[in-house]
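> Based on what follows, work out the 3D shape:
(one chain, ligands or ions: 1)
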Amino acid sequence: MKDLNQELQQRKANHLYRSRRVSDSQQQPEMIIDGRQVLCFCSNDYLGLANHPDVKAAFIKGIETYGAGSGAAHLINGHSRAHHALEEELADFSGYPRALLFSTGYMANLAIAQSLLERGDTVLEDRLNHASLLDGGLLSGARLMRYAHNDAIDLARKLASRESGEKLVLTDGVFSMDGDIADLPEIAKVCTEQDAWFMVDDAHGIGVLGSQGKGSLEHYRLSSTDIPVYMATLGKALGTAGAFIAGSDDLIETLIQKARSYIYTTASPPAVAEATRASLNIIQSQPELRSQLNDNIRYFRNSCKQLGIALTHSNTAIQPVILGETEKTVAASEQLFAQAILVTAIRPPTVAEGTARLRITLSAQHSHAHIDKLIEALGKLQQ
Ligand SMILES: *Cc1c(COP(=O)(O)O)cnc(C)c1O
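Sure, this is the predicted structure:
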C-alpha cells in the first residue's frame, strides 16, 4: 500500500492541498466563514435565490406536504408530483418537449454519454469543459477526443476524422473557470453538418443570460432544433440543488431506460423541487435581478480598468484574475482573506498548469460598496 501521508505532504509542498472553510451563514455576500465576518466573491448563487424568502417558504411548505426525503429512486416510488411539475415547467422554460431531473449536475453529465454512446463511438469535448463532462465521456467507454477551446474549426476537423459510429459533442455554455461563452451557433452548425449529437451544459448560463434568463440559447437566439440536448444545473443561479436534461420525448425516455446515474439513486427531496419551482418563477418575473447583476459586472470591469487590473474578455458573472503561478495565486487568496475578502484560488488540475487564478464571481446581491472593497484589496495585491 502506498504512503498516503507522504502523498498529502507532497501536495502541500506543491501548494495544491485543498481544504474546506466552514460557514455559519446563509449564502450571501457577507458571511461568517471560519468564524470571521468576510465579504464573499466566490459563490455561484448569482441572483441571491439561495436565500430568497419565497424560495425558502416553498421549501418549507414542500416539507410539510411531502416530508423530508423522497424515500426511493424515481423509478420506484420516489417520483413525486412536485418533481413531475418541475420537469414540465423546466421543459416549458427551456423550450424543449421534455425535461428530466437529476439529483446533481455531476450525475446529469454522467448520464448523457453513457446513454447515447457505446464502445466505438466518439465523444468530443472542449479542452476547458467542466470535469463532470469529461468524467461522463470517460465513463461511456466511447473514444474521448478534446478540441481546442471554443474552436469550431478544430471540432469540425476532429469530427470528420471519425468516419463511423455515433458522435456526441459536449461543451460548457459559459465556461466555469473563465466566464467566456461558447460559440454555440458555429458549433451547432458543425454538429448538424456532421450528424453529431450536441449537448450544452448551461450551469452558469441558466437564470443569468438572456433577457428572460433562459441562458446561453436565449443569448444567441438558438432553439432545440440547433441544440438537441440541453443540460443545466439548479444549484447555481436557481439557488437550490439538482440539475436537468431537456430534449425530445425519445431522448428523455432513453435516459429513463438507460442512465445509470438516474436509475440507481434516490430521488432528491420533493421539497427541493418545490423550492426550485419558486426560483423558476422569480427568474421569470423579476428581470431586475439580472439587471443588477449586469450592472455589477460592468461596474467591476470598469473599476478594474481604471486601476490597471488585467481581466479576461468575460462579460459574465465569472471574472477570473489570472495570476499564473499556483503559489502566487494561493498567497493572493490568503492575503485577501486576511483583509476579510473571500475569493478562491483555482489551481491545476482544475485549470491548466501556469493559469492559476482568483476566480471572482459577482452576484446581484453585491453593492457597489462591496465591489469597491474588493477592487481596493486587488489593487494592493498588485503592489
Ligand atoms: C457546477 C457544475 C456542474 C455540476 O453541477 P452540480 O449540480 O454542482 O453537481 C456541472 N457542469 C458545470 C459547468 C458546472 O459548473
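
> if I pick Tyr299, what's in contact with it?
His368, Ile371 (C-beta atoms under 8 Å, 6 or more residues apart in numbering). Every C-beta, even on glycine, is put in place using the N, C-alpha and C of the backbone.

> so what pLDDT did it get?
On pLDDT, Tyr299 comes in at 98.

> Pretty sure it sits in a helix.
Yes. Membership of Tyr299 in a helix is supported by DSSP: H, G, I helix; E, B strand; the rest coil.

> give me every residue that touches the residue in the stretch 51-200 of the chain positioned nearest to the ligand.
With C-beta to the nearest ligand atom as the measure, Gly105 is the residue of the stretch 51-200 of the chain nearest to the ligand, at 2.2 Å. Gly105 sits next to Ser132, Asp201, Ala203, Met231, Ala232, Thr233, Gly235, Gly242, Ala243 when contact means C-beta under 8 Å, 6+ apart.

> near the ligand too, which of those residues?
Among the contacts of Gly105, the residues within reach of the ligand (C-beta under 6 Å from any ligand atom) are Ser132, Asp201, Ala203, Thr233, Gly235, Ala243.

> Need the contacts of Gly105 in CSV (columns: secondary structure and distance to Lys214).
CSV is the format used below for the contacts of Gly105 (DSSP: H, G, I helix; E, B strand; the rest coil; distance: C-beta to C-beta, whole Å):
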residue, secondary structure, distance to Lys214
Ser132, helix, 22
Asp201, strand, 15
Ala203, coil, 14
Met231, strand, 14
Ala232, strand, 10
Thr233, strand, 15
Gly235, coil, 18
Gly242, coil, 18
Ala243, strand, 16
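
> okay, Ser261: pLDDT?
98.

> Equivalent analysis for Pro349, please.
89.

> Surely Asp249 touches Pro97?
Yes. Asp249 sits in contact with Pro97 when judged by C-beta atoms under 8 Å, with a separation of 5.2 Å.

> quick one, which of the two is more surrounded?
Taking neighbours as other C-beta atoms under 10 Å, Asp249 and Pro97 compare with Pro97 leading, 14 against 11.

> which ones are touching that one?
Contacts of Pro97 by C-beta under 8 Å, 6+ apart are Ala91, Ser224, Gly247, Ser248, Asp249, Ile252.

> tell me the secondary structure for the nearest residue to Ala152 once chain neighbours are set aside?
With sequence-adjacent residues excluded and distances taken as C-beta to C-beta, 6 or more residues apart in numbering, Ala152 is closest to Glu186, at 3.8 Å. Recorded secondary structure, Glu186: helix (three-state DSSP).

> What about Glu186, how many residues nearby?
Using other C-beta under 10 Å, Glu186 has 16 neighbouring residues.

> Over to Lys258?
Neighbours around Lys258, by other C-beta under 10 Å: 13.

> need the contact list for the nearest residue to it once chain neighbours are set aside.
Excluding the flanking residues, the one nearest Lys258 by C-beta to C-beta, 6+ apart is Ser115, at 4.3 Å. Counting by C-beta under 8 Å, 6+ apart, Ser115 touches Thr254, Leu255, Lys258, Ala259.

> Mind pulling the model confidence for the third one?
Turning to Lys258, the model gives it a pLDDT of 98.

> Looks like it contacts Gln114 (just checking).
Yes. The criterion here is C-beta under 8 Å, and Lys258 meets it with Gln114 at 7.3 Å.

> and Leu116, how far is that from Glu64?
Distance of Leu116 to Glu64, given as C-beta to C-beta, to the nearest Å: 39 Å.

> What of Pro270?
11 Å.

> between these two, who's got more neighbours?
Pro270 (26 against 9).

> if we can go back for a sec, quickly name whichever of the contacts of Gly105 is closest to Phe300.
Ala203 (21.0 Å; C-beta to C-beta).

> which ones are touching Arg98?
Going by C-beta under 8 Å, 6+ apart, Arg98 touches Glu87, Ala91, Ala246, Gly247, Ser248, Asp249, Leu251, Ile252.
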